[in-house]
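Student: Sequence plus predicted model, see below.
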Amino acid sequence: MVCFRIVQAVGGSMLVPVALAIVTNIFTEPAARARAIGWWSATGGVGIAAGPVVGGFLVDSVGWKSIFWLNVPIGGIALVGTLLTVPESKALLPKRFDPVGQVAVIAFLAALIFGIIEGGRRTWTSPTITGAFGLALMSLMVLIVWEHRHREPLVRLELFTHYVFSSAFVMSILGFFAFAGLMFANTLYLQTVRDLSPSQAGLLTLPLAVATILAAPISGQLSSTRGPRIPLLLAGIALVSGAALLLLAGADTPLYWLAGPYLAFGAGYGLLNAPINGTAVSELPNDEAGVAASMISTAKQIGASLGVAVIGTVLVAHSAGTSLSAGWAHASITVWVLLGGAGFLIAVLSLGLSSAALLTAHAPTDHVVPMNTDQE
C-alpha cells in the first residue's frame, strides 16, 4: 500500500503545477489570471466536499478498499478529458533534469518528516532521531550549495531573494500546515473522541467545504481588483478565528456548534490559494510558470506533511499511557494553538505585500509555443 501510494503521489505532484501552468498560459493579463486562479482553486473545495462524504459512506457500506477503486474512473475521465481538450505545448528552452537536486530534496524532506513523526514515539535524543535530523540538515546544505552552482537548478534559489515569492512560499507551508493539521486532528476528534461513524464525520465537514467553494472565487476577485494583501490577511484572520473557536470545543460540545469553526477554516483555506498561486507565478514568464507552480505545490506538500507529522506527534505525546479520548482535552489546546499560530503568521506576512502587487505585475511574455507548430 505504501509503495503504490508513492506512485499516486508522483501523479499528484505532476497534476497541480501543470494545471496551474495551463491556467497561467491561457490568462496572461494579471487581473484576469487572478480571477481564473480563484475559480481554479474553488474546484479544490468540490474535492474537499465530496471526498470525506463519499469516502465515509464507502467505508461504512462497501469497505475501506473501495476508496482506492474510486480513483480509477476519476483518473480515466481525467485522462480522456486531457487528451481531448488540453493542447500540447512546450517551452522554447526545455529544462534539463537535476537528479542531484531531486535526491537532495527527497532526502531532506524524508529525513525531516521521519524525525518529527518518530520523535514522538521514541526519545528525541535517540541516535535514530538525531541521525535523521542530521541527515536532513546535511541534505539541505548539499541542496543549497549544488543548486547555487548548477546552471539549470531544480530549485531556483534566486527566487527567494524576492519578498513576494518567498512570502508566498512560506504562506503555502503555513496554510497547508494548518489545513492538513485540522483535517487530521478533526478526523480523530470526530471518530475517536465523539465516536462518530466515517459517514457522519464526513457530513459534518460539509460546512468547511462549502465555505472553501464560496471563498475561493471571492478571493480571486479581490486579488484581481485589490491585490493579494487583503485576501491573504482575511485568510489568516479566518484561520485564527477557526482555531480560537475550536479551543472551546470538547467531548460534549453540541455537534451543530462545530459548523462555526469549520466555516471559518474553510473560508481561510479558500481565501488563501488564489493570491498565493497568483503571486508566485507573477514572478516568472509563461514558460517558467510551471517552475513557480511546482515550487509552490511542493511548499504546500511540505506544509501538509509537517501538519500531519507535528499534530500527530503532539497527540501521541499527550495520550501516552492513556487513550486519545482521555488525553484530548490537553492535547487539543496545543493543536489548536499551533494551527492558529500558522494563521497569525500568514496575516503578518501578508502585511508586507504591496496592495497592488498582482495588479502592477508585468504581463508575462508568451514564451510557450505549441508543439505542433513548425519552427524554422
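Tutor: Received the coordinates, thanks.
Student: Now do the same for Gly352: helix, strand or coil?
Tutor: Judged by DSSP: H, G, I helix; E, B strand; the rest coil, the three-state class of Gly352 is coil.
Student: thought it was touching Tyr163?
Tutor: Yes. Using C-beta atoms under 8 Å, Gly352 is in contact with Tyr163, at 6.1 Å. C-beta coordinates here come from the backbone N, C-alpha and C atoms, glycine included.
Student: Of the two, which one has the most company?
Tutor: Remark: of Gly352 and Tyr163, Tyr163 carries more neighbours, 13 against 10, as counted by other C-beta atoms under 10 Å.
Student: What pLDDT does the model give that one?
Tutor: Model confidence at Tyr163, given as pLDDT, is 78.
Student: what's the answer for Phe27, then?
Tutor: Looking at Phe27, its pLDDT is 76.
Student: Surely it is in contact with Ala36?
Tutor: Yes. In this structure, Phe27 is within contact of Ala36 by C-beta under 8 Å, at 4.4 Å.
Student: list the residues that contact both of Gly352 and Tyr163?
Tutor: Counting by C-beta atoms under 8 Å, 6 or more residues apart in numbering, no residue touches both Gly352 and Tyr163.
Student: for the helix or strand hosting Leu20, packing partners?
Tutor: Here Leu20, judged by DSSP states H and E, is contained in helix 2-26. Contacts defined by 3 or more C-beta pairs under 8 Å, 6 or more residues apart in numbering; DSSP states H and E place helix 2-26 against helix 30-61, helix 259-281, helix 289-319.
Student: Follow the chain on from the longest one and name the next helix or strand.
Tutor: Later in the chain than helix 30-61, the nearest helix or strand by DSSP H and E is helix 66-69.
Student: That following helix packs against which elements?
Tutor: Judged by 3+ C-beta pairs under 8 Å, 6+ apart, the packing partners of helix 66-69 are helix 30-61.
Student: now the helix it packs on against helix 2-26, angle please.
Tutor: Here helix 30-61 runs at an angle of 150 degrees relative to helix 2-26 (axes from the mean of the first three to the mean of the last three C-alpha atoms, to 10 degrees).
Student: Check which helices and strands helix 30-61 is in contact with.
Tutor: With contacts taken as 3+ C-beta pairs under 8 Å, 6+ apart, helix 30-61 sits against helix 2-26, helix 66-69, helix 198-204, helix 206-226, helix 259-281.
Student: Highest mean neighbour count out of these?
Tutor: Among the helices and strands packed on helix 30-61, helix 259-281 has the highest mean neighbour count (mean count of other C-beta atoms under 10 Å), at a mean of 28.
Student: quick one: that one to helix 30-61, angle?
Tutor: Using the same axes, to 10 degrees: helix 259-281 against helix 30-61 is 130 degrees.
Student: pLDDT on helix 259-281, on average?
Tutor: Helix 259-281 carries an average pLDDT of 85.
Student: starting at the chain centroid, how far to that helix?
Tutor: Offset of helix 259-281 from its chain centre (C-alpha atoms, centre = their mean, to the nearest Å): 10 Å.
Student: which residues of the stretch 251-376 of the chain score low on pLDDT?
Tutor: Residues of the stretch 251-376 of the chain that meet the criterion pLDDT under 70 lie in 281-293, 320-322, 354-376.
Student: 50 instead, please
Tutor: Within the stretch 251-376 of the chain, the stretches with pLDDT under 50 are 356-376.
Student: ok, back up a step: and Val145, which of the helices and strands packed on helix 2-26 is closest to it?
Tutor: Closest to Val145 of the helices and strands packed on helix 2-26, according to C-beta to C-beta: helix 289-319, at 18.6 Å.
Student: Centre of the chain to the closest one, how far?
Tutor: Offset of helix 289-319 from its chain centre (C-alpha atoms, centre = their mean): 7 Å.
Student: That helix relative to helix 2-26, how many degrees between them?
Tutor: Interaxial angle of helix 289-319 relative to helix 2-26 (the same axes, to 10 degrees): 140 degrees.
Student: for helix 289-319, which positions count as buried?
Tutor: By 16 or more other C-beta atoms under 10 Å, the buried positions in helix 289-319 come out as 289-316, 318-319.
Student: before we move on, what about stretch 59-74?
Tutor: Using 16+ other C-beta under 10 Å as the test for burial, stretch 59-74 gives Val59, Ile67.
Student: Send me that stretch as CSV with only the CA atoms.
Tutor: Extracted as CSV, the C-alpha positions of stretch 59-74 are listed here (Å, rounded to 0.1, in the frame of the first residue of the first chain):
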residue,chain,number,x,y,z
VAL,A,59,-16.1,2.8,4.2
ASP,A,60,-19.3,2.3,6.1
SER,A,61,-21.1,0.4,3.3
VAL,A,62,-18.6,-1.3,0.9
GLY,A,63,-15.4,-1.2,2.9
TRP,A,64,-12.2,0.8,3.1
LYS,A,65,-10.6,-0.7,0.0
SER,A,66,-13.4,0.9,-2.1
ILE,A,67,-11.9,4.4,-1.6
PHE,A,68,-8.9,3.4,-3.8
TRP,A,69,-11.1,1.9,-6.5
LEU,A,70,-12.9,5.2,-6.7
ASN,A,71,-9.8,6.8,-8.2
VAL,A,72,-9.9,4.5,-11.2
PRO,A,73,-12.9,6.1,-13.1
ILE,A,74,-11.8,9.6,-11.9
